[in-house]
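S.K.: Got a predicted structure here, sequence first:
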Amino acid sequence: MLKVMIVDEVAERAELLQAVLVKSGYEVIAYVTSTFDLYRQVGALCPDIIIIDTDSPDRDTLEHLCVVSSDEPRPVVMFTHDGDVEKIRAATRAGVNAYVVDGMSAARIGPIINAAVARFEQFQALKRELEDSESRLADRKVIERAKGILMKSHSLTEEEAYRAMRKQAMESNHRLSQVAQQVIAMAGLLLT
Amino acid sequence: MSDDVKCEAAKGGEQADSGKRRKFLRQGGALAGAAIMSLVPDAIRQGAWAAGSDAPEKTEIKVGFIPLTDCSSVVIAAVNEFDKKYGIKIIPTKEASWASVRDKLVNGELDAAHVLYGLIYGVQMGIGGPKKDMAVLMNLNHNGQAITLSKKLNEKGVKDGASLKVLMDKEKREYTFAQTFPTGTHAMWIYYWLAAQGINPFTDARTITVPPPQMVANMRVGNMDGFCVGEPWNNRAIVDGIGFTVETTQGIWKDHPEKTLGTTAEWVQKYPHTARAMTAAVLDAGRWIDASLSNRQKTAQIVADRSYVNTDADVIVARMLGRYDNGIGRKWDEPDYMKFFNDGAVNYPYLSDGMWFLTQHRRWGLLKEEPDYLAVAKKVNRIDIYKQAATAAKVALPKSDFRTSKLIDGVVWDGKDPKKYAGGFKIQVA
């Protein structure tokens, strides 16, 4: 059985992936969210494959293991031996990077990577949705504030203030929230 | 984006002061003007440059960087629009690790990057990861990295390399030192420095790799005795009261090569004019930063932002201006602080600089066999592109592709006999 180690600061994502892998019959020996001592953990657990978030700063720590232990069957960057550039790109875009024991066949690694890519993508989609709704909320707050500034400083009604900004947004090809931000920034300059 | 908005708003503000504020606000004239300014140049620019035979093949380029003070010239090239002058748009892209920078260069997701000199050569030789033909377009900076030791060592009487050696001989335990990437510059600086004190970095100590922004936190929890990293993280350790600067990298090698503007050979072949334009723009940016102390101060303010280095400008600015404090009582004005241009002396991709990293990779056993030093350096360091860029930016060129330096241990490196140099150190692995 292949021993899989998951390194991910996002515990929920790591748990999701772990569940899928265990169900598919892999042994997930650890998932690590705090990586202060990644060296010793890798040394003690001897995983066959490490799945890590592409954007994790801890990847450099794993790189060191690849270099110092290149004589032993230890993790090496999967992408050294796998020629399929498109597959690699897809994995990288999804946020997955894998370090695997040298010489392991692509056929054995493939399903694990695929599962990881699917989980990461699913998670990213959720995150995007959340960010979108958060930024819509933030936009609304900014627009309200800008409206308030215009109303107060130029004795406009709420409707007038809104229309002035919307006209501006349309003419300048900016989003309404961007115009609102400009108004707020300018108010800081002019009205203080 | 918020910076752009501020600038545009400020421009608008000047006009508004002429007394037509209300009318202007209703009509939104100045704002629209500002918006148009930001939209139009792309189209005009491309049209204008497409007319010439040396037009950049690709006009929008993603340049990766790691949050460090020495990413400044790449950031300034974009923020101060030196890129525009050469018909390109640089999009600085923050990366979380050197491994990620490497992978994205190799995959083509980044066009180029602010990247460790040694890393480029490591990939060229396929050390511990993918192997691909790489390119150094220019050196981005000299100096401005340092070695930090923990305050705990200082409490035991360590204040320099010699006293560290004494303590390590007397109090035996595992001493841990961190650098930022196995083939990178900081690894080579700390190995070189430890060896110069008579400490073998591999047998007398444990060396690990830790991402720069995590260095200070790791030292705080007692995970390491020392580290080598770029600024502002050494100064951060002092400000946070957990470490002190035992040696600057300019103390190890005055005017040493450090980060490069790096990419792949394939990319340069595909986009030679873009490569030239990008190099010229970053040369301009470096010249601007080095032109005055106030420009340096402005640079520190800009790169301290959350989207770049994400730390207090004060922590960056002190050492940017050469005001050093080692954290244990010594304060001095450092003449050899981080330079980005220095009349072009910083930026030339000297073959001897490139070869030096190969000699150290060989010295520490990262390269199992003797490489053809000169052939590799000639292939990687794109002096041809640099010369075109320097001509475009009106930057002086040196007479030779080699330079001579004496390092901290008194050994002279001139690039003439790299094999002998690599094998001639008392402490080495290979």
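M.R.: Everything's here; your move.
S.K.: By mean pLDDT, flag the weakest helix or strand of chain A.
M.R.: Ranking every helix and strand in chain A by mean pLDDT, DSSP states H and E puts strand A:75-77 at the bottom, with a mean of 47.
S.K.: Determine the three-state secondary structure at residue B:395.
M.R.: Following DSSP: H, G, I helix; E, B strand; the rest coil, we place residue B:395 in the coil state.
S.K.: now it: how far from residue B:279?
M.R.: According to C-beta to C-beta, to the nearest Å, residue B:395 and residue B:279 sit 10 Å apart. Heads up, the C-betas are built off the backbone N, CA and C, glycines and all.
S.K.: Go through stretch B:123-133 and flag the buried ones.
M.R.: Using 16 or more other C-beta atoms under 10 Å in any protein chain shown as the test for burial, stretch B:123-133 gives B:123-125, B:127-130.
S.K.: avg pLDDT for the host helix or strand of residue A:51?
M.R.: Assigned by DSSP states H and E, residue A:51 belongs to strand A:49-53. Mean per-residue pLDDT for strand A:49-53: 84.
S.K.: on that earlier part again, keep only those of the buried residues of stretch B:123-133 that are also close to chain A.
M.R.: B:127-130 (C-beta under 8 Å from any C-beta of the partner chain).
S.K.: okay, now residue 138: neighbour count?
M.R.: By default, I'm working from chain A. Counted with other C-beta atoms under 10 Å in any protein chain shown, the neighbours of residue A:138 add up to 11.
S.K.: Let me rephrase: I mean chain B.
M.R.: By other C-beta under 10 Å, 28 other residues sit near residue B:138.
S.K.: what about the helices in the stretch 51-200 of chain B?
M.R.: Using DSSP state H, counting those that start in this stretch, the helices of the stretch 51-200 of chain B run over B:72-79, B:82-85, B:98-107, B:117-125, B:151-155, B:161-170, B:185-196.
S.K.: Compare those helices and say which comes out lowest on pLDDT.
M.R.: Mean pLDDT is lowest for helix B:98-107 among these, at a mean of 91.
S.K.: which residues touch residue B:296?
M.R.: B:289-290, B:317, B:320-321 (C-beta atoms under 8 Å, 6 or more residues apart in numbering or on different chains).
S.K.: Could you list which of those residues belong to helices?
M.R.: Among these, the residues falling in helices (DSSP state H) are B:289-290, B:317, B:320.
S.K.: Please name the nearest non-neighbouring residue to the residue most central in space within chain B.
M.R.: Centroid check for chain B by C-alpha atoms, centre = their mean gives residue B:259 as the closest residue, at 3.3 Å. Closest residue to residue B:259 apart from its sequence neighbours, by C-beta to C-beta, 6 or more residues apart in numbering or on different chains: residue B:140 at 4.3 Å.
S.K.: May I have stretch A:90-101 exported as PDB, CA atoms only?
M.R.: Only the C-alpha atoms of stretch A:90-101 are listed here, as PDB (Å, rounded to 0.1, in the frame of the first residue of the first chain):
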ATOM      1  CA  ALA A  90      -3.500  21.100 -14.800                       C
ATOM      2  CA  ALA A  91      -2.300  19.900 -11.400                       C
ATOM      3  CA  THR A  92      -0.300  23.100 -10.800                       C
ATOM      4  CA  ARG A  93      -3.300  25.200 -11.700                       C
ATOM      5  CA  ALA A  94      -5.500  23.300  -9.400                       C
ATOM      6  CA  GLY A  95      -3.000  24.000  -6.700                       C
ATOM      7  CA  VAL A  96      -1.600  20.500  -6.300                       C
ATOM      8  CA  ASN A  97       2.000  19.600  -6.200                       C
ATOM      9  CA  ALA A  98       3.400  16.100  -5.500                       C
ATOM     10  CA  TYR A  99       6.700  14.800  -4.300                       C
ATOM     11  CA  VAL A 100       7.100  11.100  -4.800                       C
ATOM     12  CA  VAL A 101       9.600   8.400  -4.300                       C
END
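S.K.: Which element, helix or strand, includes residue B:236?
M.R.: helix B:233-239.
S.K.: And chain A, is that helix touching that?
M.R.: No - residues of helix B:233-239 contacting chain A under C-beta under 8 Å from any C-beta: none, with a closest distance of 12.8 Å.
S.K.: Residue B:148 bridge partners, please.
M.R.: Counting by DSSP bridges, residue B:148 forms beta bridges with residue B:227, residue B:245.
S.K.: That one: how many residues sit nearby?
M.R.: The burial count assigned to residue B:148 is 29, neighbours taken as other C-beta under 10 Å.
S.K.: Return the distance of it relative to chain A.
M.R.: Per C-beta to the nearest C-beta, to the nearest Å, residue B:148 is found 18 Å from chain A.
S.K.: who's in contact with that residue?
M.R.: Contacts of residue B:148 by C-beta under 8 Å, 6+ apart are B:215, B:219, B:226-229, B:233-234, B:237-238, B:243-246.
S.K.: and with 7 Å instead?
M.R.: Residues in contact with residue B:148, defined by C-beta atoms under 7 Å, 6 or more residues apart in numbering or on different chains, are B:226-227, B:234, B:237, B:243-246.
S.K.: Quick one: residues contacting the residue nearest to residue B:360 when sequence neighbours are not counted.
M.R.: Leaving aside its chain neighbours, residue B:360 sits nearest to residue B:188 (4.6 Å; criterion: C-beta to C-beta, 6+ apart). If a contact means C-beta under 7 Å, 6+ apart, then residue B:188 has B:118, B:357, B:360 as its contacts.
S.K.: How about the residues of chain A by chain B?
M.R.: A:36-37, A:39, A:54-61, A:63-64, A:66-67, A:70, A:77, A:79-80, A:88-89, A:92, A:150, A:154, A:164, A:167-168, A:171-174, A:178-179, A:181-182, A:185-186, A:189-190 (C-beta under 7 Å from any C-beta of the partner chain).
S.K.: Make a PyMOL selection of whichever of the residues you listed turn out to be buried.
M.R.: A single PyMOL command suffices to select whichever of these are buried according to 16+ other C-beta under 10 Å:
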select buried, chain A and resi 36+37+39+54+56+57+58+59+60+61+63+64+66+67+70+77+79+88+89+92+150+164+168+171+172+174+178+179+181+182+185+186+190
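S.K.: where exactly do the strands run in the stretch 251-400 of chain B?
M.R.: Ranges of strands within the stretch 251-400 of chain B are B:259-264, B:323-325, B:331-333, based on DSSP state E, counting those that start in this stretch.
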